[in-house]
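**Student:** Okay, here's the prediction I keep looking at, along with the sequence it came from:
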Amino acid sequence: MIEIKEVYKSFGNNQVLNGVDLNINTGETIVILGRSGCGKSVLLKHIIGLMQPDKGQIFIDGEEITAFSYKKLSNLRRKFGMLFQGAALFDSMTVEENVGLGLSEHTDFTKEKISEIVKEKLRMVGMAGVENLKPAELSGGMKKRVGLARAIAMDPDIVLYDEPTTGLDPIMADVINELIISLRNTLKITSIAVTHDIVSAYKIADRVAMLYEGKIIWLGTPEETRNSTDPVVQQFIHGSSVGPIPTLT
Amino acid sequence: MFKMKNPLRVVGRKTTLFFEDLGGVALFIKSILLNLPGAFRRFHLTAEQMLFMGVNSLPLILVTSIFTGGVTSVQGAYMFSDYVPMRYLGTAVGKSVIMELGPVLTALVVAGRVGAAIAAELGTMKVTEQIDALETLALDPVKYLVVPRVVSGLIMLPVLTIFADFIAILGALAVCTTFLDVSSYTFLSGLKLFFRLRDVWGGLFKAMTFGGIIALIGCYQGFNTSGGAEGVGRSTTRAVVLASVLILITDYILASFLFG
């Protein structure tokens, strides 16, 4: 279980997180919606300890990670996998080296065993046969899928998805959505996705949260979200320029 | 209308930024020192950097050193003419190359070539979240990216300097015998005349320090890059300028201690 309690974060004069409270149950998929630049990725980076809050606490399975040393945090991160918005594949490495990096650094597995696991994970994301390619030779959608294979290579308990479908065509976006659902069903992992893609949110989420002005202003199932009477949620899910959300920021 | 900034506020902000940077560098160095023993566990990463910093820099160092040696002998001969016997030309060239020109010019060339490349590569990794990705894989970016580059800088700069010294002296000898009417015997006997091994060690110590500075500044600037492609360009320029200035300042301080 992940508990986020009263988390505040600012950059200079820009208050990005303004008292975020959110509980995420083990095994569920939660989607955090919000406009671009509203602090969704910042929140995700707090959960994995890449950023420290100015104020507030984050608990993972009852342990307060905001008080962790670098070493403890590093050990905790082995429970996590993260898919970055731009995939963040290492340019200098092949696909196989990218996906197998965590395994080669943290396990005593032989090269053959690692190669076998890498092939299996690449097969799971529909990318078999690209092991020897460099990231520069892959399309955007392929990079995302390789990024996903890397995120699940160590069989994590929790996977964080930063804008998993942004920049992809609708068909490729649906392929990624199906992958997220299948990973949840087969590996029983806790998934946290931040996105502004409503279609994706409805498809993959057990619960939908909405981040607005640095706070979680809405939390409910996709069905409840669809029927929400909150004007901010309504404006966002209908993609309307008219409503309480200012369009000029 | 143009609004003048409060000068006190500007000075205050700049001072705060300077001390923030200074603290950042100090923490960065502490982290490197703590991770230094790990450099030998992942020696392949250090070896890759040694190849890039050292072997791939050889052609550039070769050209720079030949002409440095040549110009030192031409200008030395011009200054000595009619006042100092030409047998001291080899002494002057040898001393200036080994103690000063070899280490400093090699470091400045490497700062331009390698320091810029380190800042650009790590800066790009930073803005494309590759450094964050390393952390999410429970890998320490300092251990994985910085330590191999710093160790490589500390080892390869002295090696390149030995090569540069040798080539520069050969260049000087070639110019002396071909254009200056100074025989190779005269030049070489002058070279041996006041030769002290301490000068060589001093020059190599300087080179090692410069190697550390180039890698450290390149990595620090790369790790603190923000703002996309423009930010990468800014970090790269800053890395070269800062490293070059620091090399010259450190050169003076080290020369005062080693040869003062």
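**Tutor:** Perfect, I can see it now.
**Student:** Show me which residues of chain A are close to chain B?
**Tutor:** Contact residues, chain A versus chain B (Cβ under 8 Å from any Cβ of the partner chain): A:45, A:48, A:50, A:70, A:74-75, A:77-78, A:80-82, A:84-86, A:88-91, A:101-102, A:105-106, A:150, A:154. From N, CA and C alone the C-beta is placed, and that goes for glycine too.
**Student:** Filter these down to the buried ones.
**Tutor:** A:45, A:48, A:50, A:74, A:77-78, A:80-82, A:84-86, A:88-90, A:101-102, A:150, A:154 (16 or more other Cβ atoms under 10 Å in any protein chain shown).
**Student:** re the thing from before, restricted to helices, list the residues of chain A next to chain B.
**Tutor:** The helices, defined by DSSP state H, take in A:45, A:70, A:74-75, A:101-102, A:105-106, A:150 from these.
**Student:** From residue A:219, how far out is the most centrally placed residue in chain A?
**Tutor:** With distances taken as Cα atoms, centre = their mean, residue A:161 lies nearest the centre of chain A, 1.8 Å away. Noted for residue A:161: a distance of 18 Å to residue A:219, by Cβ to Cβ, to the nearest Å.
**Student:** Chain A: helices as residue ranges?
**Tutor:** A:40-47, A:70-76, A:95-106, A:111-124, A:140-152, A:170-187, A:198-204, A:222-226, A:231-237.
**Student:** which residues touch the last one?
**Tutor:** Put plainly, it is helix A:231-237. Residues outside helix A:231-237 that contact it (Cβ atoms under 8 Å, 6 or more residues apart in numbering or on different chains): A:33-35, A:198, A:210, A:212, A:217-218, A:225-226, A:228, A:240, A:242-245.
**Student:** Please name whichever of those residues scores lowest on pLDDT.
**Tutor:** Sorting the contacts of helix A:231-237 by pLDDT puts residue A:242 at the bottom of the list (73).
**Student:** what number of residues lie near the residue nearest to that residue when sequence neighbours are not counted?
**Tutor:** The shortest distance from residue A:242 to any non-neighbouring residue, by Cβ to Cβ, 6 or more residues apart in numbering or on different chains, is to residue A:235 (7.4 Å). Neighbours of residue A:235 under the rule other Cβ atoms under 10 Å in any protein chain shown: 16.
**Student:** do residue A:54 as well
**Tutor:** 13.
**Student:** what's the nearest residue to it if we skip its chain neighbours?
**Tutor:** residue A:8 (4.9 Å).
**Student:** How much space separates the one you found from residue A:81?
**Tutor:** Taking Cβ to Cβ as the criterion, residue A:8 is separated from residue A:81 by 27 Å.
**Student:** do the same with residue A:181
**Tutor:** Taking Cβ to Cβ as the measure, residue A:181 falls 16 Å from residue A:81.
**Student:** do the same with residue B:25
**Tutor:** In terms of Cβ to Cβ, residue B:25 sits 33 Å off from residue A:81.
**Student:** what's the answer for residue A:244, then?
**Tutor:** Noted for residue A:244: a distance of 36 Å to residue A:81, by Cβ to Cβ.
**Student:** go on, residue B:252?
**Tutor:** Noted for residue B:252: a distance of 51 Å to residue A:81, by Cβ to Cβ.
**Student:** got it, and residue A:123?
**Tutor:** Distance, residue A:123 to residue A:81, by Cβ to Cβ: 17 Å.
**Student:** Next: residue A:102.
**Tutor:** To residue A:81, residue A:102 is 9 Å away according to Cβ to Cβ.
**Student:** Common neighbours of the two, please.
**Tutor:** Residues within reach of residue A:102 and of residue A:81 at once, by Cβ under 8 Å, 6+ apart, are A:150, A:153-154.
**Student:** Tell me where the stretch 101-250 of chain B has strands.
**Tutor:** Read by DSSP state E, counting those that start in this stretch, the stretch 101-250 of chain B holds no strands at all.
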